[in-house]
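*Asks:* Following is a predicted model, sequence given first.
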Amino acid sequence: MVLSKEELIGKLEHEVRILLHLTSKVDPARLDYRPTPKQRSLGELLRYFTVFVPIHLRTIHSGVWDLQAWSEAWRKHEAAAASRNLDEIKESIASHPKLFTQFVSSLTESDVRAHTEMFGQNASRGSWLVSMVLCHYVAYRMQLFLYLKSCGQEELGTLDLWAGVDSTPTAA
């Protein structure tokens with residue numbers, strides 16, 4: 001793997017920090033906001049973070065892809081997430097680093113290089129960790145950032161999105 005397990009965990013933890021920073025900017029009154037009728041609402045997007053991370057980590061860790069079991073787990077986690085309020089969403093996201101320790105740290109180097117099939121594609125577990133967990137964080141935090149901007153959070157900027165710190169306005 002290009003990244004060591006420790007480096008990957010560090011990148012994943014960085015994503016959690018950014019996500020929690022952006023989530024701290026959410027106005028609870030705007031959780032029903034959706035850019036278009038068929039897109040997820042802001043609340044649904046936030047709940048999605050609480051679903052995909054544990055499911056993808058468990059699946060990749062096991063090295064066994066079973067679409068039926070994966071779909072059942074997805075429905076179970078999605079149902080549990082449906083009633084989460086903003087504080088519960090934040091707590092769930094804040095617990096993700098424990099999952100990194102449980103499901104990434106425990107893999108051996110051989111496990112990380114071992115290939116497994118998911119979604120009709122064969123790749124190493126390390127590759128799946130990057131594409132199904134790290135890349136999902138990056139993609140969906142960008143979506144969250146854009147939702148927040150659409151909800152009027154005009155003060156958000158590059159530092160909020162990439163460093164997870166408040167952007168400082170520049171003098172005009």
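*Replies:* Thanks, I have it. Numbering: from 1, shown residues only.
*Asks:* For the spatially most central residue of the chain, give me its contacts.
*Replies:* Geometric centre of the chain, nearest residue: Y137, 3.7 Å, by C-alpha atoms, centre = their mean. Y137 sits next to 12, 15-16, 19, 49, 53 when contact means C-beta atoms under 8 Å, 6 or more residues apart in numbering. Just so you know, the C-beta spots here come from the backbone N, C-alpha and C atoms, and that holds for glycine as well.
*Asks:* quick one: secondary structure of H56?
*Replies:* helix (DSSP: H, G, I helix; E, B strand; the rest coil).
*Asks:* And for F145, the neighbour number?
*Replies:* When neighbours are counted by other C-beta atoms under 10 Å, F145 registers 20.
*Asks:* thought it was touching L156?
*Replies:* Yes - under the criterion of C-beta atoms under 8 Å, F145 makes contact with L156 at 6.5 Å.
*Asks:* Need the residues touching each of the two.
*Replies:* With C-beta under 8 Å, 6+ apart applied, the overlap between the contact sets of F145 and L156 consists of L22.
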